[in-house]
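>>> Provided below for reference: sequence and predicted model.
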Amino acid sequence: MFRKILIANRGEIACRIARTARRLGVHTVGVYSDADAHALHVELCDEAHRIGPPAPRESYLNGDAIIAVAKRAGAEAIHPGYGFLSENESFAKACIDARLVFIGPPPAAIAAMGSKSAAKAIMEAAGVPVVPGYHGDDQHDALLAREAKRMGFPVLIKATAGGGGKGMKVATDASGFAAALASARREAAASFGDDRVLLERYLTAPRHIEIQVFADTQGHVVHLFERDCSVQRRHQKVLEEAPAPRMTDARRREMGDAAIAAARAIGYVGAGTVEFIAEQNGAFYFMEMNTRLQVEHPVTEMITGQDLVEWQLRVAAGEPLPELQPALAIRGHAIEARIYAEDPQRGFLPSIGCIAHWRMPEASADVRVDTGFREGDHVTPYYDPMLAKLIAWGADRERARETLLRALSACEVTGVATNIAFLERVVTHEAFASGRVDTSLIDRHREALLERKVEVPATALIAAAVAEYRAAEASARTIANESSDRWSPWHTTDAWWNGTTTHRLSFSFDDGAREEVVAVKPAPDGSLDVRGDGFAEIVSPDAPLATVVRDGDVRHVFAPGVRVRLAYVDPLAHVDVDVEHGGRLTAPMSGTIVAVLVKPGDEVEKGATLVVLEAMKMEHAIVAPAAGRVSAVHFAVGDRASEGADVVDFDDDQVTTVRREG
């Protein structure tokens with residue numbers, strides 16, 4: 001076993017690797033960019049070194065800087081985690097040249113699978129079924145357009161060097177092919193430094209099933225069963241589970257054998273994942289092989305009882321696989337939910353900012369939380385917006401699902417938008433609960449999964465009002481203690497009013513649909529009489545209430561089955577309405593302008609893409625809200641635009657801006 005390793009990554013995967021290394025007595029060296037100087041992974045590693053500015057190309061993708069740190073720190077090996085340099089053949093070679101062990105497959109295996117086109121050719125030769133499509137070297141736009149037409153639409157355009165949904169676009173018809181191709185190329189170049197693409201027949205309701213494989217230097221190859229990763233948005237996984245629902249033993253053996261054949265075909269060593277696209281009738285096709293540890297590896301660990309990072313370290317150190325195929329078995333069911341800083345109501349746009357409040361469920365034998373964040377940390381625009389992975393285990397799928405729901409209900413995050421409520425809706429939806437999943441599940445049920453609950457439960461309003469009263473009470477005590485007359489009645493919050501005993505303190509909250517007024521009156525015994533529209537309750541001093549997090553004028557209320565955002569209506573504030581005709585199209589989030597497709601004076605149709613902004617490794621198009629005329633463009637390619645910045649001025653009469661000031 002190694003004495004010291006360097007972890008060439010950040011966030012939850014760096015933390016996860018560090019914990020296993022510590023258990024095995026392996027000293028860890030962390031690396032960080034300026035944006036991550038105070039990150040959790042820096043704290044968890046035994047030592048940590050700066051490698052550059054926040055931009056990945058200047059830090060986590062700077063292989064020379066990482067290797068220099070490893071040599072200087074005396075590390076014997078480098079673990080790349082996933083993403084960044086984990087599937088970079090040149091980096092793997094550079095590690096070997098520097099006499100460092102690369103904790104991953106041989107460079108030749110990375111190269112073989114690094115090009116999706118070449119990988120499919122190898123798989124075809126090995127007898128592994130592949131999706132029909134175009135995987136050639138000729139990348140001329142005209143040829144790709146002809147191939148797409150030959151295949152028939154819809155067509156999936158994929159970066160040959162890609163992964164994680166980056167550089168992946170669907171062209172539904174010939175008219176949209178050129179724009180989809182250009183966008184896929186830009187994302188591919190930005191994420192992987194390679195803009196080549198391949199085309200595949202787009203299967204409309206397939207399942208995404210992958211097989212975890214492992215190989216050692218002694219020639220042993222095993223699979224650790226399958227994971228179903230069908231529940232996706234924007235071609236990125238949201239929920240993963242193992243084993244796959246409705247998987248037969250015969251199909252599991254067939255897919256496992258195909259995955260082992262794929263690994264043997266390229267002389268694989270270490271952890272890898274063979275990804276298949278499967279039709280509902282059971283037919284499956286090779287999609288790609290990820291030559292690294294996967295984000296969703298914890299569900300495999302939960303059902304097998306194995307630590308895959310420990311397996312990686314042992315295999316890289318020259319040891320044989322800890323277990324061979326006959327000893328591996330499935331125990332129970334596990335489901336992983338990816339918690340992202342993103343707003344599902346705004347097309348899953350990533351959210352950046354400071355995490356003002358952070359609470360995750362307690363870890364147990366049935367619940368696992370993998371994260372690189374904590375309260376006070378910043379979500380920046382430089383990296384993937386995943387905050388945490390919540391993994392739940394149960395004796396069967398239904399019990400795992402119920403455990404996951406309880407764990408999600410215990411998650412509390414404010415300061416950035418999250419997909420937690422969205423995940424709860426997906427997990428409770430009949431389509432997921434029944435196990436009849438496919439990659440279009442979210443799109444097919446989008447309206448139900450993205451709906452906002454208009455009615456706020458009384459428990460949330462009561463909790464918010466009580467929290468507001470207690471905050472006012474605490475403030476009054478502070479003022480009284482600092483006053484020359486601490487007993488003055490003007491310092492009290494007891495609802496005393498000259499000539500009456502019925503006066504109550506009132507608090508107003510806007511739930512997005514209407515303004516709710518809640519009145520609070522204290523009693524001599526310390527209880528509170530709380531009343532609103534349709535409810536009245538006596539709250540004792542020691543009554544367990546929901547958690548209320550105050551964030552400026554916003555009140556976040558968390559309780560089992562309750563996740564509510566209320567705006568506190570300050571009675572001293574006023575509203576100033578400013579109606580403007582003509583549109584200012586603004587940046588939906590902070591990012592870099594990667595394409596400007598119009599100029600002042602251009603006449604455009606509704607839905608036309610005007611400007612493309614890239615943030616957190618994904619592109620976001622700013623489109624025309626209606627037919628009209630571009631009157632100004634405020635940014636050029638390469639400029640950075642902050643969230644809310646005016647990007648394009650657009651002449652139409654449909655935009656109204658309302659400002660609240662206080």
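Good, I have the coordinates.

>>> Measure how far stretch 47-57 is from the centre of its chain, please.
Averaging C-alpha positions (CA atoms, centre = their mean, to the nearest Å) puts stretch 47-57 22 Å from its chain's average.

>>> Kindly apply the preceding question to stretch 365-376 instead.
How far stretch 365-376 lies from its chain's middle: 14 Å, per CA atoms, centre = their mean.

>>> for that stretch, which positions count as buried?
Judged by neighbour count (16 or more other CB atoms under 10 Å), stretch 365-376 contains these buried residues: 366-373. C-beta: built from backbone N, CA, C; applies to glycine.

>>> same deal with stretch 306-319?
For stretch 306-319, the neighbour count (16+ other CB under 10 Å) marks 306-317 as buried.

>>> mind giving me a markdown table with those and columns for distance to L198, secondary structure and pLDDT?
Below are the buried residues of stretch 306-319 laid out as a markdown table (distance: CB to CB, whole Å; DSSP: H, G, I helix; E, B strand; the rest coil; pLDDT from 0 to 100):
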| residue | distance to L198 | secondary structure | pLDDT |
| --- | --- | --- | --- |
| Q306 | 34 | coil | 98 |
| D307 | 35 | coil | 98 |
| L308 | 29 | helix | 98 |
| V309 | 31 | helix | 98 |
| E310 | 35 | helix | 98 |
| W311 | 31 | helix | 98 |
| Q312 | 29 | helix | 98 |
| L313 | 34 | helix | 98 |
| R314 | 35 | helix | 98 |
| V315 | 31 | helix | 98 |
| A316 | 31 | helix | 98 |
| A317 | 36 | coil | 98 |
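
>>> Looking at the residues you listed, which is nearest E451?
E451 lies nearest to L308 out of those, by CB to CB, at 37.8 Å.

>>> which ones are touching the residue nearest to the closest one when sequence neighbours are not counted?
Residue nearest to L308 in three dimensions, not counting chain neighbours: H297, with 5.2 Å by CB to CB, 6 or more residues apart in numbering. Taking CB atoms under 8 Å, 6 or more residues apart in numbering as the contact definition, H297 lies against 212, 271, 308.

>>> Which one of the residues you listed is nearest to A70?
After measuring those against A70 - CB to CB - the closest member comes out as A271, at 20.4 Å.

>>> How many residues are close by the closest one?
The local packing of A271 (other CB atoms under 10 Å) involves 27 other residues.

>>> Can you tell me how far the residue nearest to L308 is from I339?
According to CB to CB, to the nearest Å, H297 stands 17 Å off from I339.

>>> and what of H140?
Distance, H140 to I339, by CB to CB: 42 Å.

>>> what's across from G353 in the sheet?
G353 has these beta-bridge partners by DSSP bridges: V379.

>>> So H140 and I339 - more neighbours on which side?
Taking other CB under 10 Å, H140 and I339 do not tie; I339 has more neighbours (23 against 8).

>>> Now name the helix or strand holding that one.
strand 333-340 (DSSP states H and E).

>>> Average pLDDT for that strand, rounded please.
In this model, strand 333-340 has an average pLDDT of 98.

>>> any idea which helix or strand comes after that strand?
By DSSP H and E, the next helix or strand past strand 333-340 is strand 342-343.

>>> Can you give the contact residues for the following helix or strand past that following strand?
Per DSSP H and E, strand 342-343 leads on to strand 349-350 as the next helix or strand towards the C-terminus. Under the criterion CB under 8 Å, 6+ apart, residues 340-343, 379, 381, 385, 588-589, 615-616, 618, 620 lie in contact with strand 349-350.

>>> Strand 349-350 pairs with which strands?
Here, using DSSP bridges, strand 349-350 pairs with strand 342-343 (antiparallel).

>>> now the strand it pairs with, how far from the centre of its chain.
When C-alpha coordinates are averaged (CA atoms, centre = their mean), strand 342-343 and its chain have centres 9 Å apart.

>>> again with stretch 266-275
25 Å.

>>> buried residues in it?
Buried residues in stretch 266-275 (16+ other CB under 10 Å): 266, 268-275.

>>> Need the max-distance pair from those.
V269 and E275 (18.9 Å).

>>> As a markdown table, the buried residues of stretch 266-275 with pLDDT would be great.
Below are these laid out as a markdown table (pLDDT from 0 to 100):
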| residue | pLDDT |
| --- | --- |
| I266 | 95 |
| Y268 | 97 |
| V269 | 98 |
| G270 | 98 |
| A271 | 98 |
| G272 | 97 |
| T273 | 97 |
| V274 | 96 |
| E275 | 94 |
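
>>> Restricted to strands, list those residues.
270-275 (DSSP state E).

>>> between these, which is nearest C229?
C229 has its nearest neighbour among those in E275, at 8.1 Å by CB to CB.

>>> give the contact list for that closest one.
Shown in contact with E275 (CB under 8 Å, 6+ apart): 208-210, 286-290.

>>> top of those by neighbour count?
The residue in those with the most neighbours, by other CB under 10 Å, is M289 (31 neighbours).

>>> Can you tell me how far that one is from F2?
26 Å.

>>> Over to R331?
For R331, the distance to F2 - CB to CB - is 30 Å.

>>> between the two, who's got more neighbours?
A count of neighbours by other CB under 10 Å puts F2 above the other of R331 and F2, at 19 against 11.

>>> Look at the more buried one and give its secondary structure.
Of the three states, F2 takes coil under DSSP: H, G, I helix; E, B strand; the rest coil.

>>> Report the distance from the longest strand along the chain to the chain centre.
Longest strand in the chain, counting residues (DSSP E): strand 221-233. Distance of strand 221-233 from its chain centroid, counting by CA atoms, centre = their mean, is 18 Å.

>>> mean confidence score for the helix or strand just after that strand?
Remark: after strand 221-233, the chain's next helix or strand is strand 236-242, criterion DSSP H and E. For strand 236-242, the mean per-residue pLDDT is 96.

>>> What is strand 236-242 packed up against?
On a contact count with 3 or more CB pairs under 8 Å, 6 or more residues apart in numbering; DSSP states H and E, strand 236-242 meets strand 221-233, helix 297-304, strand 333-340, helix 420-428.

>>> can I get those in TSV with distance to A14?
Shown next, in TSV, are those (distance: least, CB to CB, whole Å):
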stretch	distance to A14
strand 221-233	22
helix 297-304	14
strand 333-340	17
helix 420-428	23
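
>>> Where do the helices of the stretch 51-200 of the chain begin and end?
63-73, 89-97, 107-114, 116-125, 141-151, 177-192 (DSSP state H, counting those that start in this stretch).

>>> any idea which of those is most buried?
helix 107-114 (a mean of 21; mean count of other CB atoms under 10 Å).

>>> That helix packs against which elements?
helix 89-97, helix 116-125, strand 284-290.

>>> rank the ones you listed by mean pLDDT and give me the bottom one.
When I compare the helices and strands packed on helix 107-114, helix 116-125 is least confident, with a mean of 84.

>>> what does that one contact?
For helix 116-125, contacts defined as CB under 8 Å, 6+ apart pick out 112-113, 130-131, 133, 135-137, 158-162, 196, 198, 262, 265-266, 286, 288-289.
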